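*Asks:* model the following, please.
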Amino acid sequence: MAEDNSSPASSMEDLIPETELLSSNESAGDSPKLSRSSSFASTAQWLNDDWEFTPLDKLTVFDVLDNLALPQRLEKINKSLNLKKHRDKVKAQYEKQKERVKKRTDEELEKFKTKYTKGLDDLIVQWNDTRAISAREKISFVVGVSNIFITGFLVGGYPDWIHIWYSLQLVYFMPIRYYSYHKMGYHYFLADLCYFVNVLLLLSIWVFPNSRRLFISTYCLAYGNNAWAIAMWRNSLVFHSLDKVTSLFIHIMPPLVLHSMVHQLDPAFLTTRFPAVARVKGVEKYGLLDMILYATIPYALWQISYHFLITVRRAAQIKAGRPTSFTWLRKSYAKTWLGKLVLRLPEKLQEVAFMLIQYLYALLTMLPCIFWFYNRKVSGIFITCLGLWSVYNGATYYIDVFGKRFQKELEQLKADVAKWQNSPESGPSSGSSEDVPSASLGGAATTTASGADVVLNKAADIRGRNVAENLNLAS
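*Replies:* Numbering: from 1, shown residues only. Just a heads-up that it's a prediction; the model follows:
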(Lines give C-alpha, C1' and ligand atoms only; values in the text may rest on other atoms or scores of the structure.)
Protein backbone atom coordinates (compact mmCIF):
# COMPACT_ATOMS: atom_id res chain seq x y z
CA MET A 1 0.00 0.00 0.00
CA ALA A 2 2.84 2.22 0.74
CA GLU A 3 4.26 1.61 -2.68
CA ASP A 4 0.91 2.42 -4.25
CA ASN A 5 0.71 5.77 -2.46
CA SER A 6 4.17 6.84 -3.55
CA SER A 7 3.69 6.13 -7.18
CA PRO A 8 0.81 8.55 -7.67
CA ALA A 9 2.79 11.28 -5.99
CA SER A 10 5.70 10.82 -8.25
CA SER A 11 3.44 10.85 -11.24
CA MET A 12 1.91 14.13 -10.12
CA GLU A 13 5.31 15.73 -9.83
CA ASP A 14 6.03 14.72 -13.36
CA LEU A 15 2.91 16.55 -14.49
CA ILE A 16 3.88 19.82 -12.76
CA PRO A 17 5.78 22.26 -15.06
CA GLU A 18 9.39 22.95 -14.38
CA THR A 19 8.77 26.64 -13.72
CA GLU A 20 6.34 25.91 -10.91
CA LEU A 21 8.78 23.53 -9.35
CA LEU A 22 11.41 26.20 -9.45
CA SER A 23 9.03 28.65 -7.82
CA SER A 24 8.22 26.22 -5.03
CA ASN A 25 11.90 25.55 -4.48
CA GLU A 26 12.62 29.28 -4.24
CA SER A 27 9.87 29.67 -1.66
CA ALA A 28 11.37 26.84 0.34
CA GLY A 29 14.71 28.66 0.48
CA ASP A 30 16.48 26.53 -2.09
CA SER A 31 16.61 28.93 -5.12
CA PRO A 32 18.99 27.70 -7.78
CA LYS A 33 20.10 30.09 -10.59
CA LEU A 34 18.16 30.25 -13.80
CA SER A 35 19.75 28.02 -16.40
CA ARG A 36 20.05 29.06 -20.08
CA SER A 37 20.32 27.11 -23.25
CA SER A 38 23.36 27.11 -25.54
CA SER A 39 21.64 29.27 -28.20
CA PHE A 40 20.75 31.96 -25.70
CA ALA A 41 24.34 32.03 -24.39
CA SER A 42 25.76 32.63 -27.87
CA THR A 43 23.29 35.46 -28.40
CA ALA A 44 24.31 37.06 -25.13
CA GLN A 45 27.94 37.10 -26.19
CA TRP A 46 27.01 39.06 -29.31
CA LEU A 47 25.22 41.76 -27.33
CA ASN A 48 27.00 44.57 -25.56
CA ASP A 49 27.19 44.83 -21.78
CA ASP A 50 24.65 47.65 -21.92
CA TRP A 51 22.10 45.25 -23.36
CA GLU A 52 21.95 42.62 -20.46
CA PHE A 53 18.38 41.58 -19.57
CA THR A 54 17.09 40.99 -16.02
CA PRO A 55 14.51 38.23 -15.41
CA LEU A 56 11.00 39.47 -14.99
CA ASP A 57 10.58 37.98 -11.57
CA LYS A 58 13.63 39.90 -10.32
CA LEU A 59 12.79 43.28 -11.81
CA THR A 60 12.84 46.13 -9.35
CA VAL A 61 11.96 49.78 -9.47
CA PHE A 62 15.59 50.63 -10.14
CA ASP A 63 15.64 48.28 -13.12
CA VAL A 64 12.60 50.03 -14.54
CA LEU A 65 14.22 53.44 -14.05
CA ASP A 66 17.41 52.15 -15.62
CA ASN A 67 15.48 50.98 -18.68
CA LEU A 68 13.93 54.41 -19.03
CA ALA A 69 17.45 55.76 -19.84
CA LEU A 70 17.67 53.57 -22.95
CA PRO A 71 16.97 56.43 -25.45
CA GLN A 72 19.81 58.44 -23.91
CA ARG A 73 22.15 55.49 -24.40
CA LEU A 74 21.08 55.09 -28.00
CA GLU A 75 21.61 58.80 -28.58
CA LYS A 76 25.08 58.54 -27.04
CA ILE A 77 26.01 55.66 -29.35
CA ASN A 78 24.57 57.45 -32.40
CA LYS A 79 26.47 60.61 -31.48
CA SER A 80 29.75 58.70 -31.29
CA LEU A 81 29.10 57.23 -34.74
CA ASN A 82 28.25 60.67 -36.18
CA LEU A 83 31.39 62.17 -34.65
CA LYS A 84 33.48 59.56 -36.42
CA LYS A 85 31.80 60.34 -39.73
CA HIS A 86 32.31 64.08 -39.12
CA ARG A 87 35.98 63.54 -38.43
CA ASP A 88 36.32 61.63 -41.68
CA LYS A 89 34.52 64.40 -43.52
CA VAL A 90 36.72 67.10 -41.98
CA LYS A 91 39.81 65.12 -42.86
CA ALA A 92 38.67 64.75 -46.47
CA GLN A 93 37.91 68.47 -46.70
CA TYR A 94 41.28 69.26 -45.19
CA GLU A 95 43.10 67.15 -47.76
CA LYS A 96 41.05 68.65 -50.57
CA GLN A 97 41.68 72.20 -49.40
CA LYS A 98 45.37 71.45 -48.98
CA GLU A 99 45.63 70.22 -52.56
CA ARG A 100 43.70 73.23 -53.80
CA VAL A 101 45.92 75.70 -51.93
CA LYS A 102 49.05 73.90 -53.06
CA LYS A 103 47.88 73.99 -56.65
CA ARG A 104 47.06 77.69 -56.38
CA THR A 105 50.41 78.56 -54.86
CA ASP A 106 52.18 76.53 -57.52
CA GLU A 107 50.35 78.49 -60.20
CA GLU A 108 51.24 81.78 -58.54
CA LEU A 109 54.86 80.74 -58.29
CA GLU A 110 54.87 79.73 -61.94
CA LYS A 111 53.39 83.09 -62.91
CA PHE A 112 56.03 84.89 -60.90
CA LYS A 113 58.77 82.82 -62.48
CA THR A 114 57.42 83.65 -65.93
CA LYS A 115 57.09 87.35 -65.14
CA TYR A 116 60.53 87.48 -63.53
CA THR A 117 62.17 85.66 -66.41
CA LYS A 118 60.40 87.91 -68.91
CA GLY A 119 61.64 91.00 -67.09
CA LEU A 120 65.21 89.75 -67.24
CA ASP A 121 64.82 88.87 -70.90
CA ASP A 122 63.43 92.32 -71.63
CA LEU A 123 66.37 93.88 -69.84
CA ILE A 124 68.81 91.88 -71.95
CA VAL A 125 66.91 92.85 -75.10
CA GLN A 126 66.97 96.52 -74.18
CA TRP A 127 70.68 96.45 -73.53
CA ASN A 128 71.35 94.67 -76.79
CA ASP A 129 70.98 97.27 -79.56
CA THR A 130 70.89 94.68 -82.32
CA ARG A 131 67.73 93.13 -80.83
CA ALA A 132 66.04 96.22 -79.39
CA ILE A 133 64.74 97.45 -82.75
CA SER A 134 62.18 95.38 -84.58
CA ALA A 135 62.08 94.89 -88.32
CA ARG A 136 59.24 97.38 -88.68
CA GLU A 137 61.11 100.04 -86.78
CA LYS A 138 64.18 99.44 -88.90
CA ILE A 139 62.12 99.96 -92.01
CA SER A 140 60.63 103.11 -90.53
CA PHE A 141 64.06 104.43 -89.67
CA VAL A 142 65.35 103.78 -93.18
CA VAL A 143 62.27 105.33 -94.76
CA GLY A 144 62.45 108.39 -92.52
CA VAL A 145 66.12 109.10 -93.11
CA SER A 146 65.83 108.38 -96.84
CA ASN A 147 62.84 110.69 -97.04
CA ILE A 148 64.90 113.54 -95.61
CA PHE A 149 67.73 113.04 -98.12
CA ILE A 150 65.53 112.51 -101.16
CA THR A 151 63.25 115.42 -100.35
CA GLY A 152 66.17 117.76 -99.76
CA PHE A 153 67.79 116.60 -102.99
CA LEU A 154 64.63 117.18 -105.04
CA VAL A 155 63.86 120.56 -103.46
CA GLY A 156 67.39 121.80 -104.10
CA GLY A 157 68.03 120.28 -107.52
CA TYR A 158 64.78 119.14 -109.16
CA PRO A 159 61.80 121.09 -107.74
CA ASP A 160 59.65 120.11 -110.72
CA TRP A 161 59.62 116.52 -109.33
CA ILE A 162 58.65 117.36 -105.77
CA HIS A 163 54.90 117.06 -106.37
CA ILE A 164 55.40 113.56 -107.84
CA TRP A 165 57.54 112.53 -104.90
CA TYR A 166 54.88 113.85 -102.52
CA SER A 167 52.12 111.91 -104.27
CA LEU A 168 54.11 108.66 -104.16
CA GLN A 169 54.76 109.07 -100.44
CA LEU A 170 51.10 109.79 -99.83
CA VAL A 171 50.17 106.53 -101.57
CA TYR A 172 52.66 104.73 -99.32
CA PHE A 173 51.80 106.35 -95.97
CA MET A 174 48.01 106.65 -96.12
CA PRO A 175 47.07 102.94 -96.36
CA ILE A 176 49.39 102.18 -93.45
CA ARG A 177 47.92 105.04 -91.43
CA TYR A 178 44.36 103.91 -92.14
CA TYR A 179 45.09 100.30 -91.18
CA SER A 180 46.98 101.17 -87.99
CA TYR A 181 44.48 103.80 -86.80
CA HIS A 182 41.50 101.61 -87.55
CA LYS A 183 43.11 98.76 -85.64
CA MET A 184 43.74 100.97 -82.60
CA GLY A 185 40.32 102.64 -82.75
CA TYR A 186 41.71 106.04 -83.81
CA HIS A 187 40.12 106.12 -87.26
CA TYR A 188 37.96 109.16 -86.38
CA PHE A 189 41.19 111.18 -86.50
CA LEU A 190 41.34 110.43 -90.23
CA ALA A 191 38.49 112.93 -90.71
CA ASP A 192 40.54 115.82 -89.30
CA LEU A 193 41.41 118.94 -91.26
CA CYS A 194 45.00 117.93 -92.01
CA TYR A 195 43.87 114.93 -94.10
CA PHE A 196 41.31 117.11 -95.82
CA VAL A 197 44.07 119.57 -96.78
CA ASN A 198 46.15 116.78 -98.33
CA VAL A 199 43.13 115.74 -100.38
CA LEU A 200 42.70 119.33 -101.58
CA LEU A 201 46.36 119.45 -102.58
CA LEU A 202 46.07 116.23 -104.57
CA LEU A 203 43.02 117.63 -106.36
CA SER A 204 44.84 120.87 -107.11
CA ILE A 205 47.88 119.02 -108.52
CA TRP A 206 46.27 116.24 -110.55
CA VAL A 207 42.58 117.01 -111.10
CA PHE A 208 42.02 120.78 -111.11
CA PRO A 209 45.35 122.50 -111.91
CA ASN A 210 43.45 125.42 -113.52
CA SER A 211 41.32 126.21 -110.43
CA ARG A 212 42.66 129.37 -108.82
CA ARG A 213 40.19 129.31 -105.92
CA LEU A 214 41.06 125.73 -105.07
CA PHE A 215 44.75 126.55 -105.16
CA ILE A 216 44.35 129.63 -102.91
CA SER A 217 42.23 127.66 -100.44
CA THR A 218 44.75 124.85 -100.34
CA TYR A 219 47.66 127.25 -99.89
CA CYS A 220 46.07 129.13 -96.98
CA LEU A 221 44.96 125.99 -95.16
CA ALA A 222 48.31 124.24 -95.70
CA TYR A 223 50.39 127.19 -94.50
CA GLY A 224 47.87 128.01 -91.81
CA ASN A 225 46.17 125.44 -89.62
CA ASN A 226 47.98 122.45 -91.11
CA ALA A 227 51.51 123.83 -90.66
CA TRP A 228 50.96 125.25 -87.18
CA ALA A 229 49.58 121.91 -86.05
CA ILE A 230 53.21 120.70 -85.83
CA ALA A 231 53.48 122.78 -82.68
CA MET A 232 49.97 122.10 -81.37
CA TRP A 233 50.00 118.34 -81.96
CA ARG A 234 53.71 118.03 -81.08
CA ASN A 235 54.74 116.34 -84.32
CA SER A 236 58.19 114.83 -83.84
CA LEU A 237 60.94 113.72 -86.18
CA VAL A 238 61.39 110.24 -84.67
CA PHE A 239 62.85 108.06 -87.40
CA HIS A 240 62.17 104.66 -85.85
CA SER A 241 58.45 105.41 -85.35
CA LEU A 242 56.40 105.03 -88.51
CA ASP A 243 53.43 106.68 -86.82
CA LYS A 244 55.37 109.84 -85.94
CA VAL A 245 57.04 109.99 -89.35
CA THR A 246 53.62 109.75 -91.01
CA SER A 247 52.15 112.48 -88.82
CA LEU A 248 55.04 114.79 -89.59
CA PHE A 249 54.75 114.05 -93.31
CA ILE A 250 51.03 114.94 -93.34
CA HIS A 251 51.68 118.36 -91.80
CA ILE A 252 54.99 119.52 -93.24
CA MET A 253 54.95 118.19 -96.81
CA PRO A 254 51.96 120.22 -98.16
CA PRO A 255 53.56 123.62 -97.37
CA LEU A 256 56.91 122.35 -98.68
CA VAL A 257 55.34 121.23 -101.99
CA LEU A 258 53.48 124.51 -102.33
CA HIS A 259 56.68 126.42 -101.60
CA SER A 260 58.40 124.63 -104.48
CA MET A 261 55.44 125.20 -106.80
CA VAL A 262 55.20 128.93 -106.05
CA HIS A 263 58.83 129.97 -105.63
CA GLN A 264 61.09 127.40 -107.30
CA LEU A 265 59.52 126.21 -110.56
CA ASP A 266 60.54 127.68 -113.90
CA PRO A 267 57.93 130.18 -115.15
CA ALA A 268 57.50 128.34 -118.46
CA PHE A 269 57.00 124.99 -116.74
CA LEU A 270 54.75 126.64 -114.16
CA THR A 271 52.51 128.13 -116.84
CA THR A 272 52.24 124.80 -118.64
CA ARG A 273 51.87 122.44 -115.67
CA PHE A 274 50.19 124.66 -113.05
CA PRO A 275 48.43 127.51 -114.83
CA ALA A 276 46.41 128.49 -111.77
CA VAL A 277 49.60 129.15 -109.77
CA ALA A 278 51.08 131.20 -112.62
CA ARG A 279 47.97 133.38 -112.95
CA VAL A 280 47.58 134.00 -109.23
CA LYS A 281 51.25 134.83 -108.84
CA GLY A 282 51.80 136.92 -111.95
CA VAL A 283 48.49 138.22 -113.31
CA GLU A 284 45.79 138.13 -110.67
CA LYS A 285 47.09 139.56 -107.43
CA TYR A 286 45.02 138.26 -104.54
CA GLY A 287 44.82 140.19 -101.28
CA LEU A 288 44.57 138.82 -97.74
CA LEU A 289 40.78 139.13 -97.56
CA ASP A 290 40.36 137.25 -100.83
CA MET A 291 42.63 134.47 -99.59
CA ILE A 292 40.76 134.16 -96.29
CA LEU A 293 37.38 134.21 -98.03
CA TYR A 294 38.32 131.48 -100.50
CA ALA A 295 39.85 129.39 -97.70
CA THR A 296 36.76 129.76 -95.51
CA ILE A 297 34.46 128.06 -98.04
CA PRO A 298 36.18 124.63 -98.08
CA TYR A 299 36.86 124.96 -94.36
CA ALA A 300 33.16 125.47 -93.65
CA LEU A 301 32.32 122.53 -95.91
CA TRP A 302 34.72 120.31 -93.95
CA GLN A 303 33.51 121.54 -90.55
CA ILE A 304 29.82 120.95 -91.31
CA SER A 305 30.53 117.49 -92.76
CA TYR A 306 32.67 116.57 -89.78
CA HIS A 307 29.98 117.70 -87.34
CA PHE A 308 27.17 115.67 -88.87
CA LEU A 309 29.14 112.61 -89.99
CA ILE A 310 31.32 112.21 -86.89
CA THR A 311 29.99 114.22 -83.95
CA VAL A 312 26.28 113.54 -84.52
CA ARG A 313 26.17 110.14 -86.24
CA ARG A 314 28.94 108.64 -84.12
CA ALA A 315 27.86 110.18 -80.82
CA ALA A 316 27.30 106.80 -79.15
CA GLN A 317 30.77 105.52 -80.07
CA ILE A 318 32.38 108.79 -78.96
CA LYS A 319 30.52 108.67 -75.67
CA ALA A 320 31.69 105.10 -75.18
CA GLY A 321 35.32 106.26 -75.35
CA ARG A 322 36.24 106.45 -79.03
CA PRO A 323 38.71 109.40 -79.25
CA THR A 324 38.38 112.36 -81.60
CA SER A 325 40.33 115.57 -82.06
CA PHE A 326 37.81 117.40 -79.86
CA THR A 327 38.11 114.91 -76.97
CA TRP A 328 41.89 114.94 -77.27
CA LEU A 329 42.14 118.74 -77.21
CA ARG A 330 39.64 118.99 -74.37
CA LYS A 331 41.76 116.61 -72.31
CA SER A 332 45.14 118.07 -73.28
CA TYR A 333 44.20 121.71 -72.71
CA ALA A 334 41.87 121.20 -69.75
CA LYS A 335 44.25 122.97 -67.37
CA THR A 336 44.77 126.03 -69.59
CA TRP A 337 42.62 129.13 -69.27
CA LEU A 338 40.96 128.47 -72.63
CA GLY A 339 40.21 124.85 -71.76
CA LYS A 340 38.74 125.85 -68.39
CA LEU A 341 36.58 128.43 -70.13
CA VAL A 342 35.17 125.84 -72.55
CA LEU A 343 34.60 123.24 -69.84
CA ARG A 344 32.56 125.71 -67.79
CA LEU A 345 29.96 125.86 -70.55
CA PRO A 346 27.06 123.37 -70.74
CA GLU A 347 27.99 120.12 -72.45
CA LYS A 348 25.83 120.86 -75.51
CA LEU A 349 27.60 124.19 -76.07
CA GLN A 350 31.14 122.85 -75.64
CA GLU A 351 31.23 121.38 -79.15
CA VAL A 352 29.95 124.63 -80.66
CA ALA A 353 32.51 126.63 -78.70
CA PHE A 354 35.23 124.26 -79.86
CA MET A 355 34.27 124.71 -83.53
CA LEU A 356 34.19 128.50 -83.11
CA ILE A 357 37.60 128.55 -81.41
CA GLN A 358 39.01 126.26 -84.09
CA TYR A 359 37.82 128.55 -86.87
CA LEU A 360 39.24 131.63 -85.13
CA TYR A 361 42.52 129.75 -84.75
CA ALA A 362 42.47 128.91 -88.48
CA LEU A 363 41.88 132.58 -89.35
CA LEU A 364 44.73 133.63 -87.07
CA THR A 365 47.17 131.19 -88.68
CA MET A 366 46.12 132.26 -92.20
CA LEU A 367 46.93 135.95 -91.62
CA PRO A 368 50.65 135.63 -92.49
CA CYS A 369 49.92 133.59 -95.64
CA ILE A 370 50.14 136.64 -97.84
CA PHE A 371 53.76 137.10 -96.77
CA TRP A 372 54.58 133.43 -97.38
CA PHE A 373 53.03 133.62 -100.85
CA TYR A 374 54.75 136.72 -102.19
CA ASN A 375 58.13 136.40 -100.46
CA ARG A 376 60.37 133.40 -101.14
CA LYS A 377 62.82 134.00 -98.29
CA VAL A 378 60.14 134.44 -95.65
CA SER A 379 58.42 131.29 -96.86
CA GLY A 380 61.73 129.39 -96.73
CA ILE A 381 62.47 130.60 -93.20
CA PHE A 382 59.00 129.59 -92.05
CA ILE A 383 59.35 126.05 -93.44
CA THR A 384 62.83 125.77 -91.92
CA CYS A 385 61.42 126.74 -88.55
CA LEU A 386 58.76 124.07 -88.90
CA GLY A 387 61.42 121.45 -89.60
CA LEU A 388 63.55 122.57 -86.66
CA TRP A 389 60.51 122.50 -84.39
CA SER A 390 59.81 118.88 -85.35
CA VAL A 391 63.48 118.01 -84.74
CA TYR A 392 63.27 119.59 -81.28
CA ASN A 393 60.14 117.58 -80.53
CA GLY A 394 61.96 114.45 -81.67
CA ALA A 395 64.93 115.21 -79.42
CA THR A 396 62.53 115.74 -76.53
CA TYR A 397 60.99 112.36 -77.22
CA TYR A 398 64.31 110.53 -77.39
CA ILE A 399 65.79 112.16 -74.30
CA ASP A 400 62.91 112.99 -71.99
CA VAL A 401 60.38 110.34 -72.95
CA PHE A 402 62.20 107.36 -74.41
CA GLY A 403 65.30 107.67 -72.20
CA LYS A 404 63.37 108.22 -68.96
CA ARG A 405 61.02 105.38 -69.79
CA PHE A 406 63.93 103.00 -70.22
CA GLN A 407 65.54 104.26 -67.01
CA LYS A 408 62.28 103.81 -65.11
CA GLU A 409 61.84 100.25 -66.36
CA LEU A 410 65.43 99.42 -65.40
CA GLU A 411 65.01 100.85 -61.89
CA GLN A 412 61.74 98.98 -61.44
CA LEU A 413 63.38 95.73 -62.46
CA LYS A 414 66.26 96.31 -60.03
CA ALA A 415 63.75 97.03 -57.25
CA ASP A 416 61.90 93.80 -58.01
CA VAL A 417 65.15 91.82 -57.84
CA ALA A 418 66.11 93.40 -54.50
CA LYS A 419 62.63 92.92 -53.08
CA TRP A 420 62.55 89.25 -53.97
CA GLN A 421 66.04 88.59 -52.61
CA ASN A 422 65.34 90.40 -49.33
CA SER A 423 61.84 89.02 -48.78
CA PRO A 424 61.28 86.87 -45.63
CA GLU A 425 60.25 83.95 -47.82
CA SER A 426 63.75 83.65 -49.26
CA GLY A 427 65.25 82.04 -46.14
CA PRO A 428 68.16 79.61 -45.89
CA SER A 429 66.29 76.98 -47.89
CA SER A 430 65.70 79.39 -50.72
CA GLY A 431 69.34 80.27 -51.13
CA SER A 432 71.29 83.14 -49.66
CA SER A 433 72.77 86.09 -51.45
CA GLU A 434 76.12 84.35 -51.53
CA ASP A 435 74.70 81.78 -53.92
CA VAL A 436 73.73 84.46 -56.44
CA PRO A 437 76.34 85.02 -59.16
CA SER A 438 77.44 88.64 -59.24
CA ALA A 439 77.58 88.76 -63.06
CA SER A 440 74.28 87.06 -63.79
CA LEU A 441 70.82 88.23 -62.82
CA GLY A 442 69.36 84.98 -64.07
CA GLY A 443 71.05 83.10 -61.22
CA ALA A 444 69.10 85.17 -58.71
CA ALA A 445 65.83 84.13 -60.24
CA THR A 446 66.82 80.43 -60.24
CA THR A 447 68.14 80.45 -56.67
CA THR A 448 65.21 82.30 -55.13
CA ALA A 449 62.65 80.28 -57.05
CA SER A 450 64.16 76.94 -55.91
CA GLY A 451 63.51 77.64 -52.22
CA ALA A 452 60.16 79.28 -52.78
CA ASP A 453 58.59 75.87 -53.46
CA VAL A 454 59.29 74.74 -49.88
CA VAL A 455 57.91 77.95 -48.41
CA LEU A 456 54.76 77.76 -50.49
CA ASN A 457 54.19 74.09 -49.55
CA LYS A 458 54.45 75.01 -45.87
CA ALA A 459 52.05 77.87 -46.37
CA ALA A 460 49.59 75.53 -48.07
CA ASP A 461 49.84 73.03 -45.19
CA ILE A 462 49.28 75.73 -42.56
CA ARG A 463 46.33 77.12 -44.48
CA GLY A 464 44.80 73.66 -44.78
CA ARG A 465 45.11 73.09 -41.05
CA ASN A 466 43.42 76.39 -40.35
CA VAL A 467 40.53 75.34 -42.56
CA ALA A 468 40.19 72.02 -40.68
CA GLU A 469 40.19 73.80 -37.31
CA ASN A 470 37.51 76.18 -38.50
CA LEU A 471 35.36 73.25 -39.62
CA ASN A 472 35.70 71.57 -36.20
CA LEU A 473 34.73 74.78 -34.44
CA ALA A 474 31.76 75.26 -36.74
CA SER A 475 30.51 71.73 -36.04
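*Asks:* so, low pLDDT: which residues of the stretch 351-475 of the chain?
*Replies:* For the stretch 351-475 of the chain, the stretches with pLDDT under 70 are 420-475.
*Asks:* what about the helices in it?
*Replies:* Taking DSSP state H, counting those that start in this stretch, the helices of the stretch 351-475 of the chain run over residues 369-374, 376-396, 404-421, 442-474.
*Asks:* again, but for the stretch 51-200 of the chain
*Replies:* Counting by DSSP H, counting those that start in this stretch, the stretch 51-200 of the chain has helices at residues 61-68, 70-127, 129-132, 135-157, 162-184, 193-202.
*Asks:* okay, these, which one's buried deepest?
*Replies:* Highest mean neighbour count of the helices of the stretch 51-200 of the chain: helix 193-202, a mean of 21 (counted as mean count of other CB atoms under 10 Å). C-beta here means a position set from N, CA and C on the backbone, and glycine is covered the same way.
*Asks:* touching that one from outside, list them.
*Replies:* 166-167, 170, 214, 217-218, 221-222, 225-226, 229, 250-251, 254, 257-258, 298-299, 302, 362 (CB atoms under 8 Å, 6 or more residues apart in numbering).
*Asks:* how far away is R313 from G157?
*Replies:* 48 Å (CB to CB, to the nearest Å).
*Asks:* for K118, same thing?
*Replies:* Applying CB to CB, the value for K118 to G157 is 50 Å.
*Asks:* name the residues of the helix or strand hosting L289 that are buried.
*Replies:* For L289, the host element (DSSP states H and E) is helix 288-306. Going by neighbour count (16 or more other CB atoms under 10 Å), the buried part of helix 288-306 is 291-292, 294-296, 298-299, 302-303, 306.
*Asks:* kindly report the same for stretch 209-219.
*Replies:* Buried, per 16+ other CB under 10 Å, within stretch 209-219: 209, 212-219.
*Asks:* could you give me the average pLDDT of it?
*Replies:* On average, the pLDDT along stretch 209-219 is 95.
*Asks:* neighbouring contacts of it?
*Replies:* With CB under 8 Å, 6+ apart as the criterion, stretch 209-219 contacts 197, 200-201, 203-204, 208, 254, 258, 262, 273-277, 279-280, 284, 286, 290-291, 294-295, 297-299, 369, 373.
*Asks:* and what of stretch 170-189?
*Replies:* Against stretch 170-189 from outside (CB under 8 Å, 6+ apart): 190, 198, 202, 242-243, 246, 249-250, 310, 314, 318, 322-325.
*Asks:* please repeat the previous calculation with a cut-off of 7 Å.
*Replies:* Contacts with stretch 170-189, where a contact means CB atoms under 7 Å, 6 or more residues apart in numbering, come from 190, 198, 242-243, 246, 249, 310, 314, 322-325.
*Asks:* list buried members of those residues by neighbour count.
*Replies:* The buried subset of these - by 16+ other CB under 10 Å - is 198, 242, 246, 249, 310, 324-325.
*Asks:* which of the residues you listed fall within helices?
*Replies:* 198, 242, 246, 249, 325 (DSSP state H).
*Asks:* quick check, nearest of those to E107?
*Replies:* Nearest to E107 out of these is L242 (CB to CB; 38.8 Å).
*Asks:* for the nearest residue to the closest one once chain neighbours are set aside, give me the pLDDT.
*Replies:* Excluding the flanking residues, the one nearest L242 by CB to CB, 6 or more residues apart in numbering is S140, at 3.9 Å. We have a pLDDT of 84 for S140.
*Asks:* what about S140, distance to G152?
*Replies:* In terms of CB to CB, S140 sits 19 Å off from G152.
*Asks:* before we move on, what about L193?
*Replies:* L193 is 27 Å from G152, by CB to CB.
*Asks:* repeat that for M261.
*Replies:* Per CB to CB, M261 is found 17 Å from G152.
*Asks:* same question for K244.
*Replies:* For K244 relative to G152 (CB to CB), the value is 19 Å.
*Asks:* just Y398 next, same as before
*Replies:* For Y398, the distance to G152 - CB to CB - is 21 Å.
*Asks:* next: F173.
*Replies:* 18 Å.
*Asks:* and V257, by the same measure?
*Replies:* 14 Å.
*Asks:* again with T271
*Replies:* 27 Å.
*Asks:* for the closest residue to T396 other than its chain neighbours, give me its contacts.
*Replies:* Nearest-residue entry for T396: S236, 7.3 Å, with adjacent residues in sequence omitted and distances by CB to CB, 6+ apart. Contacts of S236 were listed using CB under 7 Å, 6+ apart, and they are 244, 248, 390, 393-394, 397.
*Asks:* so which of the residues you listed comes closest to K79?
*Replies:* Closest to K79, out of all of the contacts of S236 and judged by CB to CB, is Y397, at 77.7 Å.
*Asks:* for the nearest residue to I292 once chain neighbours are set aside, what are its contacts?
*Replies:* Using CB to CB, 6+ apart and skipping the chain neighbours, the partner closest in space to I292 is M366 (5.7 Å). Counting by CB under 7 Å, 6+ apart, M366 makes contact with 220, 224, 291-292, 295.
*Asks:* thinking again about what came up before, now the contacts of S236 in CSV, with neighbour count and distance to T384?
*Replies:* Converted to CSV, the contacts of S236 look like this (neighbours: other CB atoms under 10 Å; distance: CB to CB, whole Å):
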residue, neighbour count, distance to T384
K244, 21, 20
L248, 25, 15
S390, 22, 11
N393, 20, 15
G394, 21, 16
Y397, 17, 20
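*Asks:* could you identify the most distant pair in those?
*Replies:* Farthest pair in those, by CB to CB: L248 and Y397, 11.6 Å.
*Asks:* on that earlier part again, let me know the angle separating the helix holding L289 from helix 193-202.
*Replies:* Helix 288-306 runs at 120 degrees relative to helix 193-202, counting by axes from the mean of the first three to the mean of the last three CA atoms, to 10 degrees.
*Asks:* model confidence over helix 288-306, on average?
*Replies:* Regarding helix 288-306, the rounded mean pLDDT is 94.
*Asks:* packing partners of that helix?
*Replies:* helix 193-202, helix 212-221, helix 347-366, helix 369-374 (3 or more CB pairs under 7 Å, 6 or more residues apart in numbering; DSSP states H and E).
*Asks:* can you tell me how far Y361 is from L200?
*Replies:* On the measure of CB to CB, Y361 and L200 end up 18 Å apart.
*Asks:* where does S236 land in three-state SS?
*Replies:* coil (DSSP: H, G, I helix; E, B strand; the rest coil).
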